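1. sequence first, then the predicted structure, then my questions.
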Amino acid sequence: MSKQDQFYEELQDWIEALDNSLISDGKEYSIQLLSALIEEARARGLNTNRLQNWPFKNTVLNDEEVTYPGNWDFEERIRHIIRWNSLLMVLKANKADDLGGHISTYSSAATLYEVGFNHFFRGSDNQLGDLIYFQGHSSPGIYARSFLEGRLTKKQIENFRQEIDGEGLSSYPHPWLMPSYWQFPTVSMGLGPIFGIYQAHVMRYLEKRKLIHNEADRKVWVFCGDGEMDEPESMGAISLAGRENLNNLIFVINCNLQRLDGPVRGNSKIITELAKQFDGAGWNV
């Protein structure tokens, strides 16, 4: 028997043993077994630091997937319209020498936002709503969605990045320039992540001291990009969230491998790198 055949035969034995453990004792017990095995390997001098990687595809098992709560085809059609409007908004602004905008950010994150808007984000009409830090460079898509809803006028859309006299729209989320629209500033890059962490931290502090009503499902959402995670502010406080067990905080990192000055780190492995950093800081990845 060749070494390769021996490897696959022994691997199959291990897989069958894992399946038996899952069936008879469940996931938690199987995790304990694997963790103990890794510890034994480390005790024997094996380097196990590179063993754990996160797959690029959805990690939810097929039999654990829930039925999509909305009409996917209808929502997809709406996403196409919003993407198109955001694209035209930026292209029109680019005709001026001193204006511009970002196309790829919202185009790659549109599904993330729309699933959030339609099925996750809690409004604040009759309750304490979710707090959302929108990725700064995705603002054209957020404006395009509001235009489709009738919240923004055509004139405002045409004056993207020309907010003089209140007839246009600010380049990025800017509560001082648009106080009735934006809630939090998220530009310069890195402000959204660190603001979101401390927002969730203060909310938890106030809830524990009965200073605000404890809404168990109220979340702080932070949308950011993979290039943005290189900013010191983006990663500088993630260990605080892990130590304080801030399960009211959700980071959504759009990894489109693009940044303003070229590819993100140039290795196409940013997802694995970030997953390890957040896991090491105590996050549920």
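-> All right, it came through fine. Numbering: from 1, shown residues only.

2. His137 touches Thr186, doesn't it?
-> No - under the criterion of Cβ atoms under 8 Å, His137 lies out of contact with Thr186, with a separation of 9.1 Å. All C-beta spots, glycine's among them, are computed from the backbone N, C-alpha and C.

3. what's the overlap in contacts for the two?
-> Residues touching both His137 and Thr186 by Cβ atoms under 8 Å, 6 or more residues apart in numbering: Tyr172.

4. just the helices from the stretch 51-200 of the chain, written as ranges.
-> When assigned using DSSP state H, counting those that start in this stretch, the helices of the stretch 51-200 of the chain occupy the ranges 72-94, 104-119, 139-149, 154-158, 191-208.

5. got a list of contacts for the second one?
-> Taking contacts as Cβ under 8 Å, 6+ apart, the residues outside helix 104-119 that touch it are 69-70, 75, 78-79, 82-83, 86-87, 132, 135, 137-142, 144-145, 221, 223, 225, 252, 254, 256, 258.

6. can I get the buried part of the residues you listed as one PyMOL selection?
-> Remark: buried members of the contacts of helix 104-119, expressed as a PyMOL selection using 16 or more other Cβ atoms under 10 Å:
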select buried, resi 75+78+79+82+83+86+87+132+135+137+138+139+140+141+142+144+145+221+223+225+254+258
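
7. could you list the low-pLDDT ranges of the chain?
-> Along the chain, the model assigns pLDDT under 70 to residues 50-57, 98-100, 164-166, 266-268.

8. tell me the secondary structure at the residue nearest to the spatial centre of it.
-> Most central in the chain under Cα atoms, centre = their mean is Val252, positioned 0.7 Å from the mean C-alpha point. Using DSSP: H, G, I helix; E, B strand; the rest coil, the three-state assignment for Val252 comes out as strand.

9. can you tell me which residues contact the closest residue to it other than its chain neighbours?
-> Spatial nearest neighbour of Val252, excluding adjacent residues (Cβ to Cβ, 6 or more residues apart in numbering): Phe223 at 5.0 Å. Shown here is Phe223, whose contacts under the criterion Cβ under 8 Å, 6+ apart are Ala109, Leu112, Tyr113, Ile132, Tyr133, Phe134, Gln135, Ser138, Gly192, Val252, Asn254.

10. on the strand side of things, show who the fifth one bridges to.
-> Beta bridges link Tyr133 to Val222, judged by DSSP bridges.

11. pick the most buried one from the helices of the stretch 51-200 of the chain.
-> Looking across these with neighbours counted as mean count of other Cβ atoms under 10 Å, the highest average goes to helix 139-149: a mean of 21.

12. that one - contacts with which helices or strands?
-> helix 72-94, helix 104-119, helix 154-158 (3 or more Cβ pairs under 8 Å, 6 or more residues apart in numbering; DSSP states H and E).

13. closest one to Trp283 among those?
-> Across those, the minimum distance to Trp283, taken as Cβ to Cβ, is reached by helix 104-119, at 17.8 Å.

14. tell me which of the helices and strands packed on helix 139-149 lies nearest to Met229.
-> With distances scored as Cβ to Cβ, the stretch of the helices and strands packed on helix 139-149 nearest to Met229 is helix 104-119 (13.7 Å).

15. only alpha carbons, please: show that closest one as PDB.
-> As requested, C-alpha coordinates have been extracted for helix 104-119 and formatted as PDB (Å, rounded to 0.1, in the frame of the first residue of the first chain):
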ATOM      1  CA  SER A 104     -17.500  48.500  -6.100                       C
ATOM      2  CA  THR A 105     -18.300  48.900  -2.400                       C
ATOM      3  CA  TYR A 106     -22.100  48.900  -2.600                       C
ATOM      4  CA  SER A 107     -22.200  46.700  -5.700                       C
ATOM      5  CA  SER A 108     -20.500  43.900  -3.800                       C
ATOM      6  CA  ALA A 109     -22.300  44.500  -0.500                       C
ATOM      7  CA  ALA A 110     -25.900  45.000  -1.900                       C
ATOM      8  CA  THR A 111     -27.100  41.600  -0.900                       C
ATOM      9  CA  LEU A 112     -25.700  42.000   2.700                       C
ATOM     10  CA  TYR A 113     -27.500  45.300   3.100                       C
ATOM     11  CA  GLU A 114     -30.800  44.300   1.500                       C
ATOM     12  CA  VAL A 115     -31.100  41.100   3.600                       C
ATOM     13  CA  GLY A 116     -30.400  43.200   6.600                       C
ATOM     14  CA  PHE A 117     -33.000  45.900   5.700                       C
ATOM     15  CA  ASN A 118     -35.700  43.400   4.800                       C
ATOM     16  CA  HIS A 119     -35.300  40.800   7.500                       C
END
